[in-house]
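Q: predicted model follows, preceded by the sequence.
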Amino acid sequence: MTPSVLSAQNIWKSFDHRDVLKGVDLDLAAHEVVAMIGASGSGKSTLLRCLNLLERIDDGRILLDGEDISDPRAKVDAVRARFGVVFQSYNLFPHLSVLSNVTIALRAVHGMARREADGEGMRLLQRIGLADKAHDHPDRLSGGQQQRAAIVRAIASKPAVLLLDEITSALDPELVGEVLALVRQLGDEGTTILMATHEMAFARDVADRVLFLDGGVIVEQGPPAQLFDAPQQERTRDFLRRFTG
């Protein structure tokens, strides 16, 4: 068995006395790409926010490389520095250039010298075709370009796990493909990824495993072909009928 990079054990989380996560168990292996699907309100975004301590869990444990990061004594900033996170909105700093957005964590969190950080940032921007935008501010970029820059910022510090939360939902349809192509490339290169997505075809093609969440629990999980073509649970079948027609 490949040891888990990230392990969530019996995770519970509630807001205003309403249980949003109800005993979720999840193991993510190194270099694995896992897609989470489910309707809005199923708990996908909350789970992602709990995993990197943006939300504190009410019960359970979260292990990152075997370390209990849900322990109240854990150093939160140090834990978050080991994750790369990209949300629906691009969350780029509007007053900084694209290059500065990409390199800010390298310098501020990881202590890299500016010259070295800028070199790494330019290498990454070149790789995704944005080197010519390095000194522009985010408002000069299309939505797809901004989201690609946000992903590059998230991977610049070589995180243990990349968390992606519905990263195409704010994009115009014609821009979705360029962002998904970058995620596909990262997965092919061995990046460990946990993503919440409504892009069913993408989940089928790219993920090693797909999880279906409903009502704060993982109802079913398995290889994409199994989950999409031969789901075992009626709740999964109902969701796929409604969502994919």
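A: On my side now, so go ahead.

Q: buried residues in whichever helix in the chain runs longest?
A: Ranked by residue count under DSSP state H, the longest helix found in the chain is helix 173-188. Neighbour-count burial for helix 173-188, counted by 16 or more other CB atoms under 10 Å, picks out Leu175, Val176, Glu178, Val179, Leu180, Leu182, Val183, Leu186, Gly187. (C-beta placed from N, C-alpha, C; glycine too.)

Q: nearest spatial neighbour of the fifth one, skipping sequence neighbours?
A: Using CB to CB, 6 or more residues apart in numbering and skipping the chain neighbours, the partner closest in space to Leu180 is Phe202 (5.2 Å).

Q: how close does that neighbour sit to Gly119?
A: According to CB to CB, to the nearest Å, Phe202 stands 32 Å off from Gly119.

Q: quick one, phi psi at Ala35?
A: When quoted as degrees, to the nearest 10, the phi and psi of Ala35 stand at phi -110, psi 130.

Q: pLDDT at it, what is it?
A: Listed pLDDT for Ala35 reads 96.

Q: the strand or helix carrying Gly121: how far from the chain's middle?
A: Per DSSP states H and E: Gly121 is located in helix 114-127. Put simply, helix 114-127 sits 22 Å off its chain's centre (CA atoms, centre = their mean, to the nearest Å).

Q: rewinding a little: and which of the buried residues of helix 173-188 is nearest Thr168?
A: Closest approach between the buried residues of helix 173-188 and Thr168, by CB to CB: Val176, at 4.6 Å.

Q: low-scoring stretches of this structure, by residue?
A: 1-2, 244-245 (pLDDT under 70).

Q: please enumerate the strands of it.
A: Secondary structure of the chain (DSSP state E): strands at 4-15, 18-29, 33-37, 59-64, 67-68, 83-86, 161-165, 193-196, 209-214, 217-222.

Q: switch the ones you listed over to CSV; also include mean neighbour count.
A: Shown next, in CSV, are those (neighbours: other CB atoms under 10 Å):
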stretch, mean neighbour count
strand 4-15, 18
strand 18-29, 18
strand 33-37, 25
strand 59-64, 18
strand 67-68, 12
strand 83-86, 23
strand 161-165, 23
strand 193-196, 25
strand 209-214, 22
strand 217-222, 18
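
Q: out of those, flag the one nearest Thr46.
A: Closest approach to Thr46 among these (CB to CB): strand 18-29, 4.9 Å.

Q: now for that closest one, which elements pack on it?
A: With contacts taken as 3 or more CB pairs under 8 Å, 6 or more residues apart in numbering; DSSP states H and E, strand 18-29 sits against strand 4-15, helix 44-51, strand 217-222.

Q: how far off helix 173-188 does the helix holding Gly121 point, in degrees?
A: Here helix 114-127 points in a direction 110 degrees away from that of helix 173-188 (axes from the mean of the first three to the mean of the last three CA atoms, to 10 degrees).

Q: give me the contact list for helix 114-127.
A: Residues outside helix 114-127 that contact it (CB atoms under 8 Å, 6 or more residues apart in numbering) are 98-99, 102-103, 106-107, 112, 131, 133-134, 149, 152, 155-156.
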